[in-house]
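Chemist: Below are the sequence and a predicted model for it; my questions follow.
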Amino acid sequence: MTPASATQPAVTSTDTNVIWLQRLEGAAMLGASIFAYAWLGQSWLIFAVLFLAPDLAMLGYLRSARVGTMSYNLVHTYMAPALLALAGLMLGPWAFGLAAIWIGHIGFDRMLGYGLKLGVSFDRTHLSPAGNKR
């Protein structure tokens, strides 16, 4: 049986450019979320306390790689905080603040090169070319 890395195509400079573009996009989302949170005038202590909370989804890896991948990816996509922000229209400004924190966390992760997990291992993400380490 051939190792997965042996069957992957070679990483090209175009692949690397796309990865850097996604990292810049993450930085932009982090910056926008910080700006939005400041505009909302909510507690920076709450921001600091909750900023890493989405990473608790990694605890799913204690169960299995499949559960870990699903739980991690579920809270590391922009869809869930976008829905929370939409719900903020009914729930109030605290929901907007939580969504801003959540979006900031995802942007921070993407800026650092941590992407959505591919299910093979924790290291394999949509931001790591052909599964190689960054």
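Modeler: Perfect, I can see it now.
Chemist: Skipping its backbone neighbours, what lies nearest the residue nearest to the spatial centre of the chain in space?
Modeler: By C-alpha atoms, centre = their mean, the chain has its centre lying nearest to Ile106, at 3.3 Å. Among residues not flanking Ile106 along the chain, His76 sits closest, at 5.6 Å (C-beta to C-beta, 6 or more residues apart in numbering). From N, CA and C alone the C-beta is placed, and that goes for glycine too.
Chemist: mind checking how far Phe35 is from Val120?
Modeler: To Val120, Phe35 is 36 Å away according to C-beta to C-beta, to the nearest Å.
Chemist: Would you mind giving the secondary structure of Ala27?
Modeler: helix (DSSP: H, G, I helix; E, B strand; the rest coil).
Chemist: Poorly predicted segments of this protein, please.
Modeler: 1-15, 121, 128-134 (pLDDT under 70).
Chemist: could you pull out the helices for it?
Modeler: Remark: helices assigned in the chain by DSSP state H are 13-40, 44-50, 65-75, 79-91, 93-112.
Chemist: And for the third one, what's in contact with it?
Modeler: Contacts to helix 65-75, defined as C-beta atoms under 8 Å, 6 or more residues apart in numbering, come from residues 54, 57-62, 80, 102, 116-122.
Chemist: how does it look with 6 Å?
Modeler: With contacts defined as C-beta atoms under 6 Å, 6 or more residues apart in numbering, helix 65-75 is touched by Pro54, Ala57, Met58, Gly60, Tyr61, Leu116, Lys117, Gly119.
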